[in-house]
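A.B. asks: Pasting a predicted model and its sequence here:
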Amino acid sequence: MRDLLKMPAVRIAEAVKKGEVEPTEVVDAFAERIKEVEPKVKAFVTTTLERAYEDAKNLGGEGKLAGVPVAVKDNILTYGVRTTCSSKMLENFVAPYDATAWERLKREGALLVGKTNLDEFAMGSSTEYSYFGPTKNPWDLERVPGGSSGGSAAAVAALMSPVALGSDTGGSIRQPAAFCGVVGLKPTYGRVSRYGLVAFASSLDQIGPITRYTEDAALLLEVMSGKDPKDSTSADRPVPPFSEEVKKPLGKVKVGVPREIFELGLGEDVKKLFERWLEELKAQGVEVETVELPHLKYAIPVYYVVATSEASSNLARYDGVRYGYRTPRYRDLREMYKRTRAEGFGPEVKRRIMLGTFALSTGYYDAYYLKAKKVQRLIYEDFLKVFQRVDAVLTPTTPTPAFRFGEKLENPVDMYLSDIFTVSVNLATVPAVSVPIGLTENKLPVGGQIIGRPWDETTVLKLAYLWEQISNFPSRVPEL
Ligand code: GLN
């Protein structure tokens, strides 16, 4: 059943529904693949194949995702399975309920194959900050898969699951998708419920799909989207039938390329592939023009003030009382708190809690947090202005392809800079997808980012689909 591994999820579900393949056969194929390549890639914190078999046996053969294996990032709750956030703090935490996004997939017949590795609490760009050790990039095992959803992107790229869920606060779906040569979509803020997603920066976090085919990203989005009474920030807006919309003709489309991206340390190989991408889209009738995002250069500092401020507040709940780890050695309550947090959190999480606590403290609040929120508004307005003229904005997803392990650990700011093109999208709340636009000379994938108007995932997905038709990018898979 080699074929199943490369099949779009949409086709797998069709085959299951027609009775051409048993759901257990699907699980067999992916279980075997996981056995074969997971020891090299290390994409999973936990695999749940036995449970997938059980669920496969009980499946009625119904649903938009009938028999489709899904890998879920380990900061998204899945009932009865441990959800660790790749942190010692939650090493033995078993989820008491399902996240809405996952619950909706399950209801359509999806099968959980495992929980994927991430940077601790989704803070990072390489998965090197996982308590369980890093995931490897399937294209080059000496390089990072990106992060923080590195496990999900690597699992999909290595054909261990046809689709996966990630979470994206500042690029954590799109950047690893780019590094691993797959598709990653961050929806408009509020499109997908965050209920059951462990909070990092609540005003920026979104769950989204990581897939090899655009159609699959569209289908997953369609199933997950929509108002959820359990998340007051989920939007009560109609959900278009994305999986059908995506295949309709694109029509006349104008895209903008921000002038500023060429001034922000773009690597040579990325620049070359990005320019070729633009040429090929032009040849398909896509109109391309230069636009301006004058506040883009402030995106990194603004993001790291807003995200760390919210993180410092969100992570206050890990106190040794309510959830997870508690230090075994303490004399009084204060010492219990202190030791629990000192022992339970890794270095990057601590750095962020300290940065955020500082930015929110009396006397500094106006100078840092409030200032950052004001500049965030300017970034948002930059995008709205540009979207009066164009239907989408294109940038590379990252300035360089996947870097080597350890390369950016010494200098956290260097790590932060790799998010330059993705964080502005979260700050502006708009949707964006990363698609593979080619391989560098040493066979590393490069991603192109398509950013859309608020709530216009349709145009973003249609452009991605058009590019998939002409480039046939899902046909390129890493040798493992
Ligand atoms: N790499 C970014 C960070 O470290 C984004 C993380 C994310 O999107 N979860 O904050």
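C.D. replies: Received it, and whenever you're ready, just let me know what you need. All figures in this text were calculated on a predicted structure; none of them were measured in a lab. Numbering: from 1, shown residues only.
A.B. asks: Pretty sure residue 23 is one of the things residue 15 touches, is it not?
C.D. replies: No - judged on Cβ atoms under 8 Å, residue 15 makes no contact with residue 23 at a distance of 10.0 Å. The C-beta positions use only the backbone N, C-alpha and C, and glycine is treated the same way.
A.B. asks: More neighbours: which of these two?
C.D. replies: The neighbour comparison of residue 15 against residue 23 (other Cβ atoms under 10 Å) goes to residue 23, with 26 against 20.
A.B. asks: end to end, how far does stretch 172-188 reach?
C.D. replies: Stretch 172-188 has its terminal residues 15 Å apart, counting by Cα to Cα, to the nearest Å.
A.B. asks: my bad, should have said stretch 54-67
C.D. replies: End-to-end distance of stretch 54-67 (Cα to Cα): 12 Å.
A.B. asks: Let's verify the closest residue to the ligand within the stretch 251-400 of the chain: helix, strand, or coil?
C.D. replies: Nearest to the ligand in the stretch 251-400 of the chain, going by Cβ to the nearest ligand atom, is residue 307, at a distance of 5.5 Å. At residue 307 the chain is in helix, as set by DSSP: H, G, I helix; E, B strand; the rest coil.
A.B. asks: quick one, phi psi at the residue lying closest to it once chain neighbours are set aside?
C.D. replies: Once flanking residues are discounted, residue 307 sits nearest to residue 201: 4.1 Å by Cβ to Cβ, 6 or more residues apart in numbering. Main-chain torsions, residue 201, degrees, to the nearest 10: phi -130, psi 100.
A.B. asks: Flag every residue of the stretch 51-200 of the chain that's near the ligand.
C.D. replies: Contact residues, the stretch 51-200 of the chain versus the ligand (Cβ under 6 Å from any ligand atom): 122, 123, 124, 125, 148, 168, 169, 170, 171, 172, 200.
A.B. asks: ok, how many other residues are close to the residue lying closest to residue 383 once chain neighbours are set aside?
C.D. replies: Spatial nearest neighbour of residue 383, excluding adjacent residues (Cβ to Cβ, 6+ apart): residue 428 at 4.5 Å. Burial of residue 428 is recorded as 26 neighbouring residues (other Cβ under 10 Å).
A.B. asks: What residues does residue 428 make contact with?
C.D. replies: Going by Cβ atoms under 8 Å, 6 or more residues apart in numbering, residue 428 touches 379, 380, 382, 383.
A.B. asks: What is the neighbour count of the residue nearest to residue 307?
C.D. replies: Other residues near residue 201 come to 23 when the count uses other Cβ under 10 Å.
A.B. asks: repeat for residue 472
C.D. replies: Residue 472 has 9 nearby residues by other Cβ under 10 Å.
A.B. asks: swap in the one 3 residues further on?
C.D. replies: Using other Cβ under 10 Å, residue 475 has 8 other residues around it.
A.B. asks: what's the spacing between it and the ligand?
C.D. replies: Here the criterion is Cβ to the nearest ligand atom, to the nearest Å. By it, residue 475 lies 29 Å from the ligand.
A.B. asks: for residue 470, same thing?
C.D. replies: Using Cβ to the nearest ligand atom, residue 470 is found at 29 Å from the ligand.
A.B. asks: so who does residue 70 touch?
C.D. replies: 102, 105, 110, 111, 112, 113, 161, 163, 164, 165.
A.B. asks: Quick one: residues contacting the residue nearest to the fourth one when sequence neighbours are not counted.
C.D. replies: Once flanking residues are discounted, residue 111 sits nearest to residue 52: 4.4 Å by Cβ to Cβ, 6+ apart. Listed by Cβ under 8 Å, 6+ apart, the contact partners of residue 52 are 27, 31, 69, 111, 112, 113.
A.B. asks: pLDDT score for residue 409?
C.D. replies: On pLDDT, residue 409 comes in at 88.
A.B. asks: who in the stretch 301-450 of the chain is up against the ligand?
C.D. replies: Residues of the stretch 301-450 of the chain lying near the ligand (Cβ under 6 Å from any ligand atom): 307, 419.
A.B. asks: what do you get if the cut-off is 8 Å, keeping everything else the same?
C.D. replies: 303, 304, 307, 348, 352, 415, 416, 418, 419, 422, 423, 426 (Cβ under 8 Å from any ligand atom).
A.B. asks: Just to be sure, the last one is in a helix?
C.D. replies: This points to residue 426. Yes - under three-state DSSP, residue 426 falls within a helix.
A.B. asks: burial of it, as a residue count?
C.D. replies: Residue 426 sits with 28 neighbouring residues when counted by other Cβ under 10 Å.
A.B. asks: where's it relative to residue 402, distance?
C.D. replies: 21 Å (Cβ to Cβ, to the nearest Å).
A.B. asks: So for the lengthiest helix in the chain, what gets flagged as buried?
C.D. replies: Longest helix in the chain by number of residues (criterion: DSSP state H): helix 23-41. For helix 23-41, the neighbour count (16 or more other Cβ atoms under 10 Å) marks 23-24, 26-31, 33-34, 37-38, 41 as buried.
A.B. asks: out of those, who's nearest the ligand?
C.D. replies: residue 41 (20.4 Å).
A.B. asks: Let me know the pLDDT of the closest one.
C.D. replies: Looking at residue 41, its pLDDT is 98.
A.B. asks: so what's it up against?
C.D. replies: For residue 41, the contact set (Cβ under 8 Å, 6+ apart) comprises 135, 136, 138, 141, 154, 155, 158, 160, 480.
A.B. asks: how about a cut-off of 10 Å?
C.D. replies: 34, 117, 135-138, 141, 145, 151, 154-155, 157-158, 160, 180, 478, 480 (Cβ atoms under 10 Å, 6 or more residues apart in numbering).
A.B. asks: For residue 344, see how far away it is.
C.D. replies: In terms of Cβ to Cβ, residue 41 sits 27 Å off from residue 344.
A.B. asks: hmm, back to that, from the contacts of residue 41, which would you call buried?
C.D. replies: Here, 16+ other Cβ under 10 Å leaves 34, 117, 135-138, 145, 151, 154-155, 157-158, 160, 180, 478, 480 buried among those.
A.B. asks: Next step: those residues restricted to helices.
C.D. replies: Using DSSP H, those in helices are 34, 151, 154, 155, 157, 180.
A.B. asks: The fifth one against residue 149, yeah?
C.D. replies: No - counting by Cβ atoms under 10 Å, residue 157 does not reach residue 149; the two are 11.8 Å apart.
A.B. asks: could you give me the average pLDDT of the host helix or strand of residue 468?
C.D. replies: Taking DSSP states H and E as the criterion, residue 468 maps to helix 457-471. Mean per-residue pLDDT for helix 457-471: 98.
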